[in-house]
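A.B. asks: The following block contains a protein sequence and its predicted model.
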Amino acid sequence: MSIAFLCPGQASQRVGMGYDLYNNTDLGKKYFDIANEIMSVDIKDIIFNGPEQQLKQTQFTQPAIYIVSVIIGELLINKGIKPACAAGHSLGEYSALSLGKSFDFETGLELVKIRSEAMQNACALNKGTMAAVIGLQDDKIIKICQSHKNEGIVVAANFNAKAQVVISGESKAIKSIIPLMKEAGALKVIELNVSGAFHSPLMSSAKIVLADKLSSINIKDSSFPIYSNVTALPISSSDEIKNALIDQLDSPVLWHQSITQMINDGSKNAVEVGPGRVLQGLTKRIDRSLNMNGVESHEQIVNFKYV
C-alpha cells in the first residue's frame, strides 16, 4: 500500500519531543549528538528541557522540528514503510527532502540553521507579523491584500485549508486590514504570536542568504516526488528543488493545493511524520478521503501499521 509522508513546520514543537527517540534508538542518539555539534549550542537540552520560550525562538524551533521529523521518518523507512511521495509545510519541506535523500541529515540541518538565523535577522530588520483569516474565500483575501498596498506590505502567505489562510506583512498593514477582512465576511481574524512576517517580501534578505548557501551545496534528485510549497506540484530534480527552496522563503505556502494535487495524483494514505497533529487537522479540513495518521513517538513507530 502506497503512503505519503507529510512533515510539519513551525508551531508543531513542544518541550520534550524526541526524548524517547534519543533514549530508545541508536539513530535518535546519533542524530541528536550530531545536531549538538552542528548547532554549536546544546540543542538537545533546549528540545528536551526548554524553557518553552527559548524553544519557540525561530533559530531553535526550526532545527528542533527538523531533527525530530527526520529521525522519525528514517526509523519508519528502516522499518520498511517507504513513502511514494512527500510534502512538508514550510520548514517541513527540508525534512521531506532529507528523507528523499536530496541531502543527508547533516547538510539539511546546516541549511535549516542558516535559514532560521537568516529569517530571524530579517524579522529584526523589518518588523512584521501574521494573522489567520478564517471563513473567507481565497480569492477575496488575495483581492483585499492587493487593494491594501498603500497601507504597507501585506500578502496571503499560507493557504492552509479551505477558508483558512494566513496573511503576512508589515505590522501596521496587518492591523489595518483585519477590519476589512471581517467586513468582507471572515468569521474570525486572529493576529498570531510570531516573530515576523514569514513567506512575504519582508523575507527578501533571508532569501539572499539562503540562495548563497544553496549555491555551494550539492543537492541530489529526490528518490520520491516532493510536492513543492511554491507550485503545489511534485518535483524531484535537483535544480527544481534548489529553486523551490529559494523561492519558498518569500512565496506563499500552497498547502491545501498541494494536498489536493496529491490526492488527484492517486494518494489515498498519509502519515504526519514529526511532532504534533497540525497537518492531520488541516488535512481533515481539506479532504477527508485521505486516510491520515500521525507518528511522533518511539512507541508509535514500533506499533505503526497502515490499515
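C.D. replies: Sure, I can see it.

A.B. asks: show me what contacts M262?
C.D. replies: The contact partners of M262, by CB atoms under 8 Å, 6 or more residues apart in numbering, come to 4, 85, 87, 227, 234, 270, 290. Backbone N, C-alpha and C define where each C-beta goes, glycine included.

A.B. asks: just those residues now: which is nearest N23?
C.D. replies: Checking the contacts of M262 against N23 by CB to CB gives A270 as the nearest, at 27.9 Å.

A.B. asks: returning to that earlier point: compile the contacts of M262 into TSV and extend it with columns for pLDDT.
C.D. replies: As requested, the contacts of M262 are exported to TSV (pLDDT from 0 to 100):
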residue	pLDDT
A4	98
C85	98
A87	98
Y227	98
P234	98
A270	97
L290	96
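
A.B. asks: tell me which residues of the strand or helix carrying V112 are tucked away?
C.D. replies: According to DSSP states H and E, V112 maps onto helix 105-125. Neighbour-count burial for helix 105-125 flags 105, 107-123 (criterion: 16 or more other CB atoms under 10 Å).

A.B. asks: can you check stretch 172-191 too?
C.D. replies: 173-174, 177-178, 181, 186, 189.

A.B. asks: Now, the residues you listed that are in helices?
C.D. replies: 173-174, 177-178, 181 (DSSP state H).

A.B. asks: Any stretches of this protein with poor pLDDT?
C.D. replies: 1, 306-307 (pLDDT under 70).

A.B. asks: care to break it down by domain?
C.D. replies: The chain breaks down by automatic domain parsing into domains covering 4-123+201-303, 127-191.

A.B. asks: how long is the first one end to end?
C.D. replies: Put plainly, it is domain 4-123+201-303. 18 Å (CA to CA, to the nearest Å).

A.B. asks: distance between that domain and the chain's centre?
C.D. replies: In terms of CA atoms, centre = their mean, to the nearest Å, the gap separating the centre of domain 4-123+201-303 from the centre of its chain is 6 Å.

A.B. asks: Check stretch 137-147 too.
C.D. replies: 23 Å.

A.B. asks: Restrict that stretch to CA atoms and write it as PDB.
C.D. replies: The C-alpha coordinates for stretch 137-147 follow below in PDB (Å, rounded to 0.1, in the frame of the first residue of the first chain):
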ATOM      1  CA  GLN A 137     -12.600  32.600   0.300                       C
ATOM      2  CA  ASP A 138      -9.000  32.600  -1.000                       C
ATOM      3  CA  ASP A 139      -9.700  35.000  -3.900                       C
ATOM      4  CA  LYS A 140     -11.400  37.500  -1.700                       C
ATOM      5  CA  ILE A 141      -8.400  37.500   0.700                       C
ATOM      6  CA  ILE A 142      -6.000  38.000  -2.200                       C
ATOM      7  CA  LYS A 143      -8.100  40.800  -3.600                       C
ATOM      8  CA  ILE A 144      -8.300  42.700  -0.300                       C
ATOM      9  CA  CYS A 145      -4.500  42.300   0.200                       C
ATOM     10  CA  GLN A 146      -3.800  43.700  -3.300                       C
ATOM     11  CA  SER A 147      -6.100  46.700  -2.700                       C
END
